[in-house]
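**Student:** My questions concern the predicted model and sequence given below.
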Amino acid sequence: MRGSGAQVTQGQTQAWIYNMTREEAPATNDVISGTILLFDVEAYVLIDPSSTHSYISSELASKIPGKNSPLGHNLMVYLPVGGGVVVNSCLRIGDVNLPVDLVVMDLKEFDVILGIDWLAQHRAVVDCYKTEVMIKSSGKPKVVFGRSTGSSSLL
């Protein structure tokens, strides 16, 4: 399922998420996939600018003790959704640590989906032609990753 934008209706937010397999991700220029570190654990990630929020699989979230907290509002996602959000998380890409809040979901194909919320927070530039993302957060070195970097690993 693919969508854009979030809509707030009576205290409930609607979220959109891309539904694809690990095999389909490298075949499209709409998203970027690879491996990152989250709490020093390797995670297979989908970077999807059309996703309104960022997500973590319930399986991976269960391996991160003491990091879950209530979301604070209802979130209607067009896939099965869990009841919390992982906050104060930090992704490490290369030598750069980037904070992220992740909604816990029952994801099967990916460990993490990074959406427009995370991309905007870090002023990311997504180059769909090269299928790469460039991040230049304030006070941090520039990070570029994607297919054109020659590796699907973002570590």
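**Tutor:** Happy to help now that I have it.
**Student:** for the protein, what spans make up the helices?
**Tutor:** 58-61, 116-121 (DSSP state H).
**Student:** Lowest average confidence across these, which one?
**Tutor:** Lowest mean pLDDT of those: helix 58-61, a mean of 85.
**Student:** Format the helices of the chain as TSV; extra columns: mean neighbour count.
**Tutor:** Placement of C-beta: from N, CA and C, glycine included. What follows is the helices of the chain, written out as TSV (neighbours: other C-beta atoms under 10 Å):
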stretch	mean neighbour count
helix 58-61	18
helix 116-121	17
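**Student:** Tabulate the ones you listed in JSON lines, adding columns for distance to residue 49.
**Tutor:** Formatted as JSON lines, the helices of the chain follow (distance: least, C-beta to C-beta, whole Å):
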{"stretch": "helix 58-61", "distance to residue 49": "22"}
{"stretch": "helix 116-121", "distance to residue 49": "5"}
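**Student:** out of those helices, which comes closest to residue 105?
**Tutor:** Among the helices of the chain, the nearest to residue 105 by C-beta to C-beta is helix 58-61 (6.6 Å).
**Student:** elements contacting the closest one?
**Tutor:** Contacts defined by 3 or more C-beta pairs under 8 Å, 6 or more residues apart in numbering; DSSP states H and E place helix 58-61 against strand 81-93, strand 96-105.
**Student:** Any idea which of those strands has the lowest pLDDT on average?
**Tutor:** strand 81-93 (a mean of 54).
**Student:** And the strands in this structure?
**Tutor:** 7-9, 12-15, 32-38, 41-47, 55-57, 68-70, 74-77, 81-93, 96-105, 112-114, 125-127, 132-135, 143-146 (DSSP state E).
**Student:** For the third one, give the mean pLDDT please.
**Tutor:** Across strand 32-38, pLDDT averages out at 83.
**Student:** Fine by me, we can end here.
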